[in-house]
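1. pasting the structure only:
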């Protein structure tokens, strides 16, 4: 079995002793029935296309172009949240319109599958574990990307922004995903790369598995309380195999 980092999660408690215990949520390969997978920074690297959109907005509005490093550190909560970190409130609506128009044109460009992504989906299919994409990326664009990459047939569900009134980490969105997949939280893993994904899992009692391949480091994921941290998706596939 591959080396796994076990970390404390604040969602655990002890009824017997009457006090909170910082214990990782325990889940084992044989008990997994469903896996929810984040998109950007987890399943795919789409950063170059995303950054080109922020750069386009800054140029169109005659603003300072944010650095790639700053943009990468900020993504995860969806564009309407992230874009407010770079542009003044009076320009936000115009900025969102420019970003959206440009992303529509380039959203199938610069898409790179993360290491182990295909192996993970193959392992889930072989073990008959339900696989779903669960993202703050726009649902329509996510479906286009998955179809273009040839992944759509391996996915039970693709749920993103615009498909419901909610976004991660709102509990309502997680519950919708679980209901659509006819599963429950205790048999579900949320795989992601950010504290948004950890909070999303925690809000409904799912296990959070994280990879430091996106916008946050292993140390930050540890501090946020991920249940397990793997170096990449290949190691999660190995754990599930």
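-> Arrived safely, thanks for sending. All values reported here derive from a predicted model rather than from experimental measurement.

2. tell me the phi and psi of the residue nearest the centre of the chain?
-> Most central in the chain under C-alpha atoms, centre = their mean is residue 38, positioned 2.6 Å from the mean C-alpha point. Main-chain dihedrals, residue 38, degrees, to the nearest 10: phi -70, psi 160.

3. look up the closest residue to it, ignoring the ones flanking it.
-> In space, not counting the residues next to it along the chain, residue 38 is nearest to residue 192; the distance is 3.7 Å by C-beta to C-beta, 6 or more residues apart in numbering. All C-beta atoms are positioned from the backbone trio N, CA, C, and that covers glycine.

4. ok, back up a step: distance of the residue nearest to the centre of the chain relative to residue 139?
-> According to C-beta to C-beta, to the nearest Å, residue 38 and residue 139 sit 13 Å apart.

5. wait, the residue nearest to residue 38 sits on residue 199?
-> No. Residue 192 sits out of contact with residue 199 when judged by C-beta atoms under 8 Å, with a separation of 9.8 Å.

6. looking at these two, which is more packed in?
-> A side-by-side neighbour count of residue 192 and residue 199, using other C-beta atoms under 10 Å, places residue 192 first with 32 against 18.

7. residue contacts, the more buried one?
-> By C-beta atoms under 8 Å, 6 or more residues apart in numbering, residue 192 lies in contact with 37, 38, 41, 42, 198, 200, 201, 208, 209, 210, 211.

8. show me where this structure has strands.
-> For the chain, the strands identified by DSSP state E occupy 5-6, 13-14, 19-20, 34-37, 44-45, 112-113, 130-138, 157-161, 188-192, 207-210, 228-229, in order along the chain.

9. report how many residues lie close to residue 26.
-> Using other C-beta under 10 Å as the criterion, residue 26 is surrounded by 10 other residues.

10. just residue 187 next, same as before
-> Applying other C-beta under 10 Å, I find that residue 187 has 17 neighbouring residues.

11. what sits against it?
-> Applying C-beta under 8 Å, 6+ apart, one finds that residue 187 lies in contact with 31, 32, 33, 34.

12. now do the same contact list for the first one.
-> Spelled out, that is residue 31. 186, 187.

13. circling back: what subset of the contacts of residue 187 is buried?
-> Judged by neighbour count, with 16 or more other C-beta atoms under 10 Å as the criterion, the buried members of these are 32, 33, 34.

14. before we move on, back to that, got the contacts of residue 187 as JSON lines, with distance to residue 143 and pLDDT columns?
-> As requested, the contacts of residue 187 are arranged in JSON lines below (distance: C-beta to C-beta, whole Å; pLDDT from 0 to 100):
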{"residue": "31", "distance to residue 143": "29", "pLDDT": "96"}
{"residue": "32", "distance to residue 143": "24", "pLDDT": "98"}
{"residue": "33", "distance to residue 143": "23", "pLDDT": "98"}
{"residue": "34", "distance to residue 143": "19", "pLDDT": "98"}
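
15. quick one: the strands of the chain as CSV, columns for distance to residue 217 too.
-> Listed next are these as CSV, based on distance: least, C-beta to C-beta, whole Å:
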stretch, distance to residue 217
strand 5-6, 12
strand 13-14, 28
strand 19-20, 27
strand 34-37, 20
strand 44-45, 16
strand 112-113, 20
strand 130-138, 20
strand 157-161, 25
strand 188-192, 14
strand 207-210, 10
strand 228-229, 10
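
16. ok, which of the ones you listed comes nearest residue 86?
-> strand 130-138 (17.1 Å; C-beta to C-beta).

17. partner residues bridging residue 157?
-> residue 132 (DSSP bridges).

18. you'd agree it is up against residue 179?
-> No. Using C-beta under 8 Å, residue 157 and residue 179 do not qualify as a contacting pair, with a distance of 10.4 Å.

19. just want to know which of these two has more residues nearby.
-> When residue 157 and residue 179 are compared on other C-beta under 10 Å, the one with more neighbours turns out to be residue 157, at 16 against 10.
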